[in-house]
Structure formats: C-alpha cells, structure tokens
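Participant: Please find the sequence and the predicted model below.
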Amino acid sequence: MKNLYSKWLIIALIIAPGILYATPCVAQDEKKNEVSLADMSIFELLNVEVTTTNKHGEKLLDAAAAVYIITGDDLRRMGASSIAEALRLVPGVQVGRVTSSKWSIGARGFCDVFSNKLLVLMDGRSVYSPLFSGVLWDVADTMLEDIDRIEVIRGPGAALWGANAVNGVVNIITKSAVQTDGKYLVYGFGGDLTKLQGLRIGGPVGKNSHLRVYAKGMAYDNLRNITNQECSDSWDQDRSGFRFDYNPDENASLTVMGDAYNASAWSDYSIGEVTTPPFKSSLISNTNSSGSNMLVKWSKAGEQNNKSTLQFYYDNAKIQDPVMFGEDRETYDFDYQRETHPSGGTVFIWGLGYRHSISDTTNGQIVTFKYRQVTDNLYSFFFQNDQKIVPDKLRFILGAKLERNDYTKYEFQPNARLAWTPSSNMTLWGAVSKAVRTPSIADFYSIYNIIAPPDEFGRARIYTIFSNPNMQSEKLTAYELGCRFKPSQRVLIDVAAFMNFYDDLRSLEPGAPYIENTYSSGWQEHLHYPLYVSNNFKSNSRGLELAADYVPSKRWRIRFGASMMNLWLDRSNTFDVKGSNLEKTYPKKQYSIASFWDISSNLTLDAMLYAVGSSEMPSLGKENLLIPAYNRLDFRLAYKDKSDTEWALGAKNFAGKSHIEGGSIYGEQQSYIGQSFYMTAKKTF
C-alpha cells in the first residue's frame, strides 16, 4: 500500500504545476469568453459520432451502450507503441503483457492470450481467428498515427456484429486519406523497443480523391525473467499499406485500402515432447507470421438520407510455429447494409453477409489437427430498428442477428435497448442481450499435449486434450444499466453496471488415466491423463465500471477509469478441476488515471497511472501462475520545434519494480515488465 501512495505522490507532483498554472488561466479565459476551449473539449467529446453501437452513427451522449473512445490524440500522448497497449485506459478491459510479443486481453472477465470473447475489427474487417477463437495482437497493427479513434464497447455486440462479440467489441477506425495529406516520419527506440521507423505520404490523386501510402518497421528485444536473465521472446515486424478515398459527390464515397506484413517472434516454451527425466524441456521456437488484406467499401446515400453500403474484403494470414501449429488461411467476406429513415425519426437498418474461409493447417509438437484443410462458410442476416417513442427524450432499439455456421448451425442473437434523455446533458439506458462464442477449429478437430512434472513414482505425466466435434456454442445473457451525464461544462461521467449469465462454457472433463510404456534409452512408464472438451460450466458475473473526463483548463485534461467485478462458477455438472480458476483469471478491481497537460503551445507533459488487482492463470499438471497486484506509472514529455518536429522522451513502469502482467496456459517462459525509457521523433512536412 505504501508503494501505491508513493506513486500517487509522484503523479501529483507531475500534475500539480498544471493546477497552479491552469487555475488563473481559467479565470482569465472565462472573463474573456464564456465558452473556453475546455468547454469545447467536453462538448466535442459528447458529440463525437460513434458507429460501433448502431452501424449508422450517433452522438456519444446518445449511445445506449457502455462505450469508451480512445482518440488519436490519446494514442499519441500515451506513448503507446501498439494497439494492445492503448487499451489499458479502458475501464472494464484487462490488459497484460505476457511476453515481448504476446498480450492477455479480456473484457469483463475471461482474460486470455487469445481473447476468445472479444471481437476486434479494423475498419470493419474482423481480425478474430476461427482457428483458435481469438486475436493475435502482435499482428493486429497499423500506422498508429493514422488511427482516428478506437471505439470500445464493453458488453455484447452480437446483434450487430455477430458471434464472438460476447463481452465486448474493439473497433479500430482509421482516418480517411483526405485527413493525412503531406508527409509524416517517425523514428523511435528505447527499453525493449529497439527500433521504430515509419513513413507515410499522402495527397490528392485527382478530383475528389486522395491516397496515402505508408511503411513501418519495429523490433523488440528480449524481456527478462524473475532472475533478471533474458527470455527468448524478441520479435520484429515490417508492415506497409495504403488507403484510397474517392468522393464523386456529397452522397457517395468509395474506399479501397490494404496492408501487408511480415513478422518473426521467438518464444521459450517449458513444455514439449520430453517423457524421460528430467521431464521438462525448454523449447525455443521461432514463429513466422505474414499476411495481406484488401478492403473495398462503397456507400451511396439517397432521398430522405436512406443509405446503402456494400463492403468486400480479402484476408490472407499465415502463421508457422513449429512447437504449436501452423496455418495458412484465406478469407473472403461480403457484406451489404441498407439504412432507411421512415417517418417519426425511426432508423431501420438491415443487412446480409457471407464469409468463406479456407484453413490449411500443419501440426506442431504440441498441437495436431484431425484434418489438414478445413473450409468454413458463414451466412448472416441482421436488423435493427431504432424507434423514437418520445422525440428527443425516449428511444427503443430492437435488433437481432441470425447466423448459420458449419459447427453449431443456426445462432440467433437478439438485443433490446431503451435510452432516456431527460435533458441535453444526460442519457440513461438499459439493455438485455444474448451472444454466443462459436467453437473454433481447435475445439472441433485438434489434439493438444502437455507434459507435466513427474508423479511421486517418477513417471512422466502427459495431459492430452481431445477435441469434441459435438461441442456447442458458449452462451451469454446480459443485463446492463448505464448513465452518461455532464454535471458541468468541464466534467463528463459515464457509469455502467452489468449482470452476465453464461451457459455451456467450455470445460475439460477428465477420463480414466492409463499407463503407457515407450522405449527411449530404456523402457519408460508414462502416466496419461485424457481430457475431453465439453460444455459443462455455467457462470455468472456482476460488475460496475466508471469513466470520467475532467478538463480543468484549456491546457489540461484528465481521464479516470475504474472497474470492479466478481465472477462465480457453477461446477455442479462438471468434474473439471482447473476450470474453477476461471474465477481468478481477471483482476477484481483496477483503476487508471491519465493526465494530459499542455505546458505551453509546444511543450506537453503526460502521465498515466494504473493500479491492477491480483489474478491467476490456470495450468495443467503444475501450479497455477500467480499474478500479484501491481501499480504502473508511465509518463511522456514532448516538445515541438519550429520545424514541426516533435521530440519526445518517455518512461514506462517508472518508479515501479518488475512485475508480471499476464500469463499463458501454453507454457511459455514468464516475462517480467521492468522499467524502461524511450525516445521518439515525429516530423510532419
């Protein structure tokens, strides 16, 4: 606790000069003008258009969902070097760095390396992998300076976005090409970030059309373990892409965009094909990832603001890890959406979708697949009716999505929302929703082996997880209440409460152990523990989330976040022992505060403090990984010179000791997050 107090003291010392400096400025500004820049900041935030909540755009104040916006300016001032890192600010979202390249991220519980209940989109393109149900955060990337905002929905979004949008949706929205005219150059290094280089060039290419192209490269060094020895988890990535926007008139738009990347990441696994003493192997594996994608989107508005949108994207993703598995996946996705505006202020949207993907898999030392090639087809239809019951006061939103997949066949995911706006400064809302997490290829067609330490007789223990071709979807019924209000011209408060009820959660049911004899420099006995994938867990959770924005002056902004939740498991229908630790895979409490202070027109000082509660990562055949509570302080000092070059110095985990932030059930050596310093230079010309 003393440690926490010392960190709050440090951040207080950082922002205190801002208070002293800002206070007289506020008084002078208010005498000159009743509407200061600070007032405009809150006003503009309330009127930011969010699209993830309803697919057609609405003001943040009016949104009937727990939504949080990370702006492009927030990204820059946080000193974030990845999208995953930027999500630390969001209340109700748990973010932990596991290794140099891997992140454990979850929303409202079920925090995991693969984030299997969190849907992630980039400009409408899903980066959620159906191979294992999750997100590879190391390759979910773009030029961060080109991101306009990240919209994070906590809670189900399946009625609009479909299966796997169970506990949340992260929608990364980039700027249009017209917003990025000119040249931009970035260079940085420091801490485990050994290289950050990026170049973007944009400009008009004809009448009403703009194009930008970019290229970036980054490399991260090995992190360290508890004994301060280097782990084998360095990684690097090169990426390039483009975006083209064409607006033939004010009612039509065409967007064509694409990316290509190549990445290499090292991992140190403490499991492998070792069934003789000492029974534990440290396998160094190099994972190679590459991919490319292209998205085409056409929108046309007609009479009475009726609008049609047609979108297509192609995505090719390759990953090869000789220890775990390999995959070469091609995805083709078609989506059509129609928006109409009947009389009375009603907005009715409906849409059709089709996704075809082909997965070619290769076996690793740990994971083997039943089929070399798997083809998936997903058909979908959705609708949403946003009805104004009382104009400018009361809205009722009813929608649902019907999907047909190759695993569980038909999935129906409805939701109903009510939004009441008693004044121009407040919105109260409530929602009832259903969502599902559909099984992955690994759930249906894989075998997974884990080598554990020997038993009391010296026999190696082997845990083998057998997939289940009859596995059902994991199901959620969620109840939410929220209030978003502006008590003054300088304060915005957003509160959300939820109750989640889960059914048919994934469990590992034990079979009868058996002894196997193999010959390797002599006969050896191995004790096998078969585990069978099933749907025998139930669970419920409750939580409260708070987000607040405070702008004391035109030069200072503070963002605060807090979340508290509890989760309980119903074990009455399962013999799964390790699954009981799902109750501990998330921090029950966590807090964050960010201070963004403009010392002058060309000098800024920003600080972020995070306090995260303890959690635990389950493990088969050995002790669970305990993740103690930790506090983390980051700061950034930036100066912009006359040539429009921004020079920044920053620190991450400043004043804090090395700590664990997340874990993996796949046996990778645990990395510790230590103190680091970095420098970046960014030039616009």
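Facilitator: On my side now, so go ahead. Numbers count the residues shown, from 1 in each chain.

Participant: Just the pLDDT for S36.
Facilitator: In the prediction, the pLDDT value recorded for S36 is 36.

Participant: Touching stretch 633-651 from outside, list them.
Facilitator: Stretch 633-651 is touched from outside by 7, 10-11, 14, 77-79, 190, 602-610, 652-656, 675-685, with contacts defined as CB atoms under 8 Å, 6 or more residues apart in numbering. (C-beta placed from N, C-alpha, C; glycine too.)

Participant: Which among the residues you listed count as buried?
Facilitator: 7, 10-11, 14, 77-79, 190, 604-610, 652-656, 676, 678, 680, 682-684 (16 or more other CB atoms under 10 Å).

Participant: Can you list which of the residues you listed are found in strands?
Facilitator: Among the buried ones among the contacts of stretch 633-651, the subset assigned to strands under DSSP state E consists of 190, 604-610, 652, 676, 678, 680, 682-684.

Participant: Which member of those is positioned nearest N517?
Facilitator: Closest approach to N517 among those (CB to CB): S676, at 50.1 Å.

Participant: dump the residue contacts of the closest one.
Facilitator: For S676, the residues meeting the contact criterion (CB under 8 Å, 6+ apart) are 190-193, 651-653.

Participant: can we see that at 6 Å?
Facilitator: Shown here is S676, whose contacts under the criterion CB atoms under 6 Å, 6 or more residues apart in numbering are 191, 652.

Participant: Then R154?
Facilitator: 66, 92, 107, 168.

Participant: Which members of these are positioned in strands?
Facilitator: Using DSSP E, the subset of the contacts of R154 located in strands is 66, 107, 168.

Participant: Show me where this structure dips below the pLDDT cut-off.
Facilitator: For the chain, the stretches with pLDDT under 70 are 1-41, 43, 270-282, 518-524, 577-581, 620-622, 665-668.

Participant: quick one, helices of it?
Facilitator: Counting by DSSP state H, the chain forms helices over residues 2-32, 37-46, 72-78, 83-86, 158-161, 441-445, given from the N-terminal end onward.

Participant: Hmm, A317 and E330 touching each other?
Facilitator: No: in this structure, E330 sits apart from A317 without contact. The criterion is CB atoms under 6 Å, and the distance is 8.3 Å.

Participant: Those two: who's more crowded?
Facilitator: A317 (22 against 15; other CB atoms under 10 Å).

Participant: That one and G291 touch, don't they?
Facilitator: Yes: at 4.1 Å, A317 and G291 qualify as touching, with contact defined as CB under 6 Å.

Participant: and the residue nearest to P342 when sequence neighbours are not counted, how many residues sit next to it?
Facilitator: Excluding the flanking residues, the one nearest P342 by CB to CB, 6 or more residues apart in numbering is F348, at 6.3 Å. The number of residues packed near F348 is 17, by other CB under 10 Å.

Participant: And for I153?
Facilitator: Residues near I153, counting by other CB under 10 Å, number 25.

Participant: number of nearby residues for the nearest residue to it once chain neighbours are set aside?
Facilitator: Distance criterion CB to CB, 6+ apart; nearest residue to I153, sequence neighbours excluded, is V169 at 4.3 Å. If you count neighbours by other CB under 10 Å, V169 ends up with 26.

Participant: residue contacts, V169?
Facilitator: 52, 119, 153, 157, 161.

Participant: I'd like these as TSV, with distance to E58 appended.
Facilitator: Written out in TSV, the entries for the contacts of V169 read as follows (distance: CB to CB, whole Å):
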residue	distance to E58
T52	10
L119	20
I153	13
G157	14
W161	16
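
Participant: can you pull out the strands in the stretch 351-500 of the chain?
Facilitator: Applying DSSP state E, counting those that start in this stretch to the stretch 351-500 of the chain gives strands spanning 367-369, 373-390, 394-405, 409-423, 426-437, 446-452, 460-466, 474-488, 491-510.

Participant: Just want the angle from the fifth one to strand 474-488.
Facilitator: Strand 426-437 and strand 474-488 are oriented at 160 degrees to each other (axes from the mean of the first three to the mean of the last three CA atoms, to 10 degrees).

Participant: List the buried residues for strand 426-437?
Facilitator: 427-429, 431, 433-437.

Participant: So which elements touch it?
Facilitator: Counting contacts by 3 or more CB pairs under 6 Å, 6 or more residues apart in numbering; DSSP states H and E, strand 426-437 is packed against strand 409-423, strand 474-488.

Participant: relative orientation of that strand and strand 394-405 in degrees?
Facilitator: Computed by the same axes, to 10 degrees, the angle between strand 426-437 and strand 394-405 is 10 degrees.

Participant: Run me through the strand neighbours of strand 426-437, direction for each.
Facilitator: strand 409-423 (antiparallel), strand 474-488 (antiparallel) (DSSP bridges).

Participant: Could you export those as a markdown table, including distance to H528 and mean neighbour count?
Facilitator: Supplementary listing: the strands paired with strand 426-437 in a markdown table, determined by distance: least, CB to CB, whole Å; neighbours: other CB atoms under 10 Å:
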| stretch | distance to H528 | mean neighbour count |
| --- | --- | --- |
| strand 409-423 | 34 | 17 |
| strand 474-488 | 28 | 19 |
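
Participant: Burial check on the nearest residue to D221 once chain neighbours are set aside, number of neighbours?
Facilitator: Once its chain neighbours are removed from consideration, D221 has its nearest residue in D192; the separation is 4.6 Å (CB to CB, 6+ apart). By other CB under 10 Å, 22 other residues sit near D192.

Participant: I'd guessed D192 sits against Y220; true?
Facilitator: Yes: distance between D192 and Y220: 5.0 Å, which falls inside the contact criterion (CB under 6 Å).

Participant: Determine the longest strand present in this structure.
Facilitator: Looking only at the chain and at elements set by DSSP E, the strand with the highest residue count is strand 523-553.

Participant: packing partners for that strand?
Facilitator: The helices and strands touching strand 523-553, judged by 3+ CB pairs under 6 Å, 6+ apart, are helix 2-32, helix 37-46, strand 460-466, strand 491-510, strand 514-519, strand 556-570.
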